[in-house]
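>>> quick one, structure for this:
(2 chains)
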Amino acid sequence: MTERPTRSEATLDPSEIDRFARLASEWWDANGKFRTLHQIGPARLTFLRDQLLRHFGGGERAGLRPLERLTLLDVGCGGGLVCEPMARLGATVTGIDPAQENIEAARQHAAGQGLAIDYRTARIEDLVAEGAQFDAVACLEVVEHVPDVGAFLKTCAVLVRPGGLMLLSTINRTTKAYLLAIIGAEYVLRWLPVGTHQWERFVTPAELGRHLHAAGLGTPVLQGLAYSPLSDAWSLSGDTDVNYFAAAAKPG
Amino acid sequence: MQVDAEPYHIVIAGGGSIGLALACALCDALGSGLRIAIVDRVAFGSATGPRDGRASAVSAGSQHLLAVLGVWPQLAQHAQPVTAVDITDSALDDVFRPVLVSYDNTVGGGEPATYIIENERLNAAILAGVSRRPSIVLIGGAAVADYAADQHGVTVVLADGRRLRSPLLIAADGRGSRLRAAAGIGVVGWAYQQVGIVVTVSHEKPHRARALQHFLPAGPFAILPLTGHRSCITWTEEEDVGRAIVALDDAGFLSEIERRFGHRLGRTELAGPRGLWPLEMHLARALVADRLVLVGDAAHLVHPIAGQGLNLGFRDVAALTEVVADAARLGLDIGSSIVLSRYERWRRTDAALSAAAFDGLNRLFSSDWTLLRTARSAGLGLVNRLPALKQFFVAEAAGLTGEVPKLLRGEPV
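Numbers count the residues shown, from 1 in each chain, chains lettered A, B, ... in the order given. Below is the predicted model:
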């Protein structure tokens, strides 16, 4: 017997899983606990769509389903806030989440919307064991919740097919991020439940770049997410000081 | 056992100019893969009911939209540009009516700020535009009996029991919108103790593309140039006076017109049916509900004094097309509250400001109180001397100020 945690426990913190599971039924309430995720939806979907079209081609006049023919894995899919739009755009989507309750909520909602999405209560290691690979793997607002970012990204990268794309979003470890993402969003504005984020788990773009490189992925394209208090709207920007996105290709 | 509802991406209730233009714009933005149904209680293209003798002032912004939709070429020959507007402010029996303000009604590059088009022509041209887009499904002769929104979509039940299902339902069903009532959205508004008389006349002399607005004590009397030696008269009267005038025989009716019209266009003759319209104003308390959006007169009915009702509706069309297209291109649920609230934020201020401004104009000018007459004469005289201010009013009425949606700028979505 050994005291060392198993591999999956090293990449998932059980207390974090439970906390999100309690919130599962709230996923699709745009004015509920996940209001902020709904608010940033248009900006982050813009990043995902644009990077996918840039990398895999197509787009412009491709009609309602420009992502047809692409397979996409959403790691930590929650209630399906990213899976559903990607499926509507034509992608063949698999969503995994370690919390059964999230997956149940996501399945119910997708059925109501008439969307065929493969939702599974699974960990990335389960998919690696199956030998699964996808054109694109998205890990959004996940990296800042895992204890070992390097190990997590290495495992994720195995799931990207050669020539494929890894898509990430996370929060930078800056004073500005501490003030805005923790003090501002959790304590002052109450956008997020207190305790959602821990500052020391935030990842700088340089660190993320090194982890991605170690995982065998290319130099990431980075974009920031900016909030305009006047219009109460989020948009993509060049400022990566707080929330930011990254897209890194796996050599073919 | 109920039959399955027919699936669409968007169902539009109301096949008037606004509903039809919206369908064309959405189809162009998102392609023929987008399934749109337009439902109307009357059959499309049928000439049922009394003829609508009204004409509309189509702003430059609306003209841009119609051009992008490919509807303008068919309409151009029936559209009379208005390149100048003369305003007078007189008592009814004043023989001499000095022109108080005369302004150049053009926006950049001499483009007319307004065209006058007969409503029937406009509707026919947009309907022809719809028929060139075969992916748009027309369901005529079928009133919407009821609708029910849930977490995933809306089910629309027609009077004949037919059921449609879509993520988004658009109410373009006019001033007495049944969908607005069914959604429990109230209106703020009132009826004016005035009626609008509308008639087309032909006249001896050319109008030279000038519109004339007499501010008579009972309210505005507008002479809007139509193609040829014709004009559409839109005229406000106290309710009982208006009814009495419309009930006169042709000779009597014509003499009432001439009394107000003046003689600057020579001899006049009636050239169309006369219409009498109640004047009212309302503003819906909300522009959206669960999976429902209000556009056009269902959302806002403004006093016709500035001829802006139709243009406000086209601004709804342009903004909603952009909001829905942006959302669909991101794969978002186009009927979700996050999408609909963007439309509401975009359109609410414009609709409220327009309603208040046109109501204020009407109150200001529907008065024979001498002091008020003097004040407004001074005010208009002042506006006349400030070209920049006049230019702003012209651009505002043309729908080219504020956050202008792409279609009104003449750009595809």
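>>> quick check: residue A:194 vs chain B, distance?
From residue A:194 over to chain B the distance is 24 Å, taken as C-beta to the nearest C-beta, to the nearest Å. Quick note: C-beta positions are derived from backbone N, CA and C, even for glycine.
>>> doesn't that residue fall inside a strand?
No: under DSSP: H, G, I helix; E, B strand; the rest coil, residue A:194 sits outside any strand and is assigned coil.
>>> got the phi and psi for it?
In terms of degrees, to the nearest 10, the main-chain angles of residue A:194 are phi -60, psi 140.
>>> confirm residue B:155 sits in a strand?
Yes: looking at residue B:155 with three-state DSSP, it is inside a strand.
>>> doesn't residue B:165 make contact with it?
Yes: counting by C-beta atoms under 8 Å, residue B:155 touches residue B:165, with 5.3 Å between them.
>>> so what sits against both of these two?
Common contacts of residue B:155 and residue B:165 (C-beta atoms under 8 Å, 6 or more residues apart in numbering or on different chains): residue B:5.
>>> residue 191: neighbouring residues, count only.
Defaulting to chain A. Neighbourhood size, residue A:191 [other C-beta atoms under 10 Å in any protein chain shown]: 17.
>>> the chain in question should be chain B.
Neighbours of residue B:191 (other C-beta under 10 Å): 12.
>>> by contact count, what packs against the helix or strand encompassing it?
Secondary structure assignment for residue B:191, by DSSP states H and E: strand B:187-203. Helices and strands touching strand B:187-203, by 3 or more C-beta pairs under 8 Å, 6 or more residues apart in numbering or on different chains; DSSP states H and E, are strand B:230-238, helix B:239-246, helix B:250-261, strand B:268-270, strand B:275-284.
>>> low pLDDT regions in chain A?
Low-confidence segments of chain A (pLDDT under 70): A:1-25, A:59-62.
>>> nearest to chain B: which residue in it?
For chain A and chain B, the shortest gap (C-beta to the nearest C-beta) falls at residue A:85, measuring 3.1 Å.
>>> now that residue. Nearest residue, chain neighbours left out?
Nearest residue to residue A:85, sequence neighbours excluded (C-beta to C-beta, 6 or more residues apart in numbering or on different chains): residue B:331, at 3.1 Å.
>>> so that neighbour is in contact with residue A:88, correct?
Yes: look at residue B:331 against residue A:88 with C-beta under 8 Å: they come within range, at 3.9 Å.
>>> need the longest strand for chain A.
strand A:160-171 (DSSP state E).
>>> point out the residues in the stretch 201-350 of chain B that sit beside chain A.
Within the stretch 201-350 of chain B, the positions near chain A by C-beta under 8 Å from any C-beta of the partner chain are B:326, B:327, B:328, B:329, B:330, B:331, B:332, B:333, B:336, B:337, B:338.
>>> from those residues, pick the one nearest chain A.
Among those, and counting by C-beta to the nearest C-beta, the member closest to chain A is residue B:331, at 3.1 Å.
>>> okay, the residue of the stretch 101-250 of chain B found nearest chain A and residue B:333: tell me how far apart.
Chain A sits closest to residue B:152 of the stretch 101-250 of chain B, with a gap of 3.9 Å, by C-beta to the nearest C-beta. Note on residue B:152: its distance to residue B:333, by C-beta to C-beta, to the nearest Å, is 8 Å.
>>> now do residue B:314
26 Å.
>>> please identify which of the two sits among more neighbours.
A count of neighbours by other C-beta under 10 Å puts residue B:314 above the other of residue B:314 and residue B:333, at 29 against 23.
>>> I am finished for the moment; much appreciated.
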